[in-house]
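Quick one: sequence and predicted model below, then my questions.
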Amino acid sequence: MKSLAKLMTLLGFPPVAGVILAVLLTSRTPLNLLELSRKTGYVKSHLSQTLKLLHARDIVDFYVERKKKYFIVNNQGLLKALREHIHVLIDSLNQLANITDNQEFRRLYSEVFGDLKGK
């Protein structure tokens, strides 16, 4: 759970987003707000705010049944957000490698990240 929380903070989300995703990804069924609160230890209001953020980025979906919202991970949305972030990191590294005069950095960069250039 900690690694997913750290990953979500890198994407600009609060750590609780990673906790929510970890719980939803390991759950066999969609969960409502009360179930998420019990499983994560966070209060419903805190979860609700974060779920709205995740839903706005298409990372979490929900459906309503008997006046309760049930939440599930949108796998495609999560992977899209991760892919976009990885491309931003690669572009930033490529720009740094292209502007630096530090030859050792350029050599090491090419060894480590050479296969990622231009992807």
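Looks like it came in fine.

Convert the helix or strand of the chain with the lowest mean pLDDT to PDB, retaining C-alpha atoms only.
Every helix and strand in the chain was compared by mean pLDDT, DSSP states H and E; the lowest is helix 2-10, with a mean of 80. Output of helix 2-10 as PDB, limited to C-alpha atoms (Å, rounded to 0.1, in the frame of the first residue of the first chain):
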ATOM      1  CA  LYS A   2       2.900   2.400   0.800                       C
ATOM      2  CA  SER A   3       4.300   2.100  -2.700                       C
ATOM      3  CA  LEU A   4       1.000   2.900  -4.300                       C
ATOM      4  CA  ALA A   5       0.500   5.900  -1.900                       C
ATOM      5  CA  LYS A   6       4.000   7.200  -2.900                       C
ATOM      6  CA  LEU A   7       3.200   6.700  -6.600                       C
ATOM      7  CA  MET A   8       0.000   8.600  -6.300                       C
ATOM      8  CA  THR A   9       1.700  11.500  -4.600                       C
ATOM      9  CA  LEU A  10       4.100  11.700  -7.500                       C
END
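
name the helices or strands packed onto it?
Contacts defined by 3 or more Cβ pairs under 8 Å, 6 or more residues apart in numbering; DSSP states H and E place helix 2-10 against helix 15-26. Yep, even glycine has a C-beta here, placed from its N, CA and C like the rest.

Need the mean per-residue confidence for the helix it packs on.
Mean pLDDT, computed over helix 15-26, is 92.

How about stretch 50-58?
Here stretch 50-58 scores 96 as its mean pLDDT.

Of all the residues in that stretch, which ones are buried?
Neighbour-count burial for stretch 50-58, counted by 16 or more other Cβ atoms under 10 Å, picks out Thr50, Leu51, Leu53, Leu54, His55, Arg57.

Same check on stretch 4-23?
Buried, per 16+ other Cβ under 10 Å, within stretch 4-23: 4-5, 7-8, 13, 15-23.

what's downstream of the lengthiest helix in the chain, the next helix or strand?
Ranked by residue count and defined by DSSP state H, the top helix of the chain is helix 75-99. Of the helices and strands lying after helix 75-99 in sequence (DSSP states H and E), the nearest is helix 103-113.
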